[in-house]
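1. Coordinates for the following, if possible.
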Amino acid sequence: MSQTIEAPVLVEEHEGVLVVTLNRPQAKNAMNLAMALTIAEAMDRLDDDPRLQVGIITGAQGSFCSGMDLKAFLAGERPSVGDRGFGGLVQRPPRKPLIAAVDGYALAGGMELALACDLIVASENARFGIPEAKRGLVAAAGGLMRLPRQMPHRLALELALTGDFLEAPRAHDLGLVNRLTPGRALPSALDLARQIAANGPLAVQASKELINASRLWGEEEMWDRQAGITEPVLASADAIEGAAAFAERRAPQWTGS
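-> Predicted structure coming up:
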């Protein structure tokens, strides 16, 4: 009798939310090239499909991602895709908001996937870490750059140098995790995604772009550069619709234009 081989990544739509599930539980969802290619395609889909407002990336059967598949690495494979980088994601995340829903382990490249997302929802049993130094490797998929931007510098340095794990409750206390949940992370992540998706899509994308880009702006340039992002939104049909809906006490009907 033939055995059904499940796809290494599952991609589903849920009312304007694109859910991407890493689906190699037998390998703790370790990242290989086939997975990275599918994730990159899903990120393109999220960016290009006007019906989709938010993305979620999660892992199957109680584990987020244990990092790069070291067996594939030893065979010469690297799970990187074009300008999107490791996991089809870390170097060029989507323009639209992306939430990591983390259960179990998010280690090495798995933690770097989560750090590349805009928001993190984690179950209380989740554990984060960049233990590459324990294997003579370096966290080169963004962890060493993003981690000290998202938590205190010395604690980020300690995690990188020791390779120790960070428990989800502590990560939440440090502001690395947005929401902590006693059960699986995905339902809470879907609630958060729907809350975001209810808002004006142009405003949401512009807000993400402005917050991320402005960290590098100086005092003299920030207002002009902000105007380049916000003025098209303020002049949009959605801005008129949002104001009209508020005045008329009804739900807005967004068109993304």
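
2. Okay, now the unreliable bits of this structure?
-> Residue ranges of the chain with pLDDT under 70: 1-5.

3. so where do the strands sit in the stretch 101-250 of the chain?
-> 105-107, 119-123, 127-129, 166-167, 179-181 (DSSP state E, counting those that start in this stretch).

4. Go ahead and measure how far whichever strand or helix holds residue 46 is from the middle of the chain.
-> Element membership of residue 46 [criterion: DSSP states H and E] is helix 33-48. Relative to its chain's centre, helix 33-48 lies at 13 Å (Cα atoms, centre = their mean, to the nearest Å).

5. May I see the buried residues of it?
-> Buried residues in helix 33-48, counted by 16 or more other Cβ atoms under 10 Å: 33-43, 45-46. No exception for glycine: its C-beta is placed from N, CA and C like everyone else's.

6. Adding distance to residue 58, write those out as a markdown table.
-> Listed next are the buried residues of helix 33-48 as a markdown table, based on distance: Cβ to Cβ, whole Å:
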| residue | distance to residue 58 |
| --- | --- |
| 33 | 20 |
| 34 | 18 |
| 35 | 13 |
| 36 | 16 |
| 37 | 18 |
| 38 | 14 |
| 39 | 12 |
| 40 | 17 |
| 41 | 17 |
| 42 | 12 |
| 43 | 15 |
| 45 | 16 |
| 46 | 14 |
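
7. separation between residue 117 and residue 37?
-> 19 Å (Cβ to Cβ, to the nearest Å).

8. let me fix that: residue 196
-> 27 Å.

9. returning to that earlier point: could you say which one of the strands of the stretch 101-250 of the chain comes nearest to residue 50?
-> strand 119-123 (21.4 Å; Cβ to Cβ).

10. For residue 92, give me its contacts.
-> 43, 83-85 (Cβ atoms under 8 Å, 6 or more residues apart in numbering).

11. Make sure it is indeed in a strand.
-> No. Going by DSSP: H, G, I helix; E, B strand; the rest coil, the assignment for residue 92 is coil, not a strand.

12. could you measure it against residue 39, distance?
-> Residue 92 is 12 Å from residue 39, by Cβ to Cβ.

13. Does residue 81 touch residue 35 like I think?
-> No. Using Cβ atoms under 8 Å as the test, residue 81 is too far from residue 35 to be in contact (9.9 Å).
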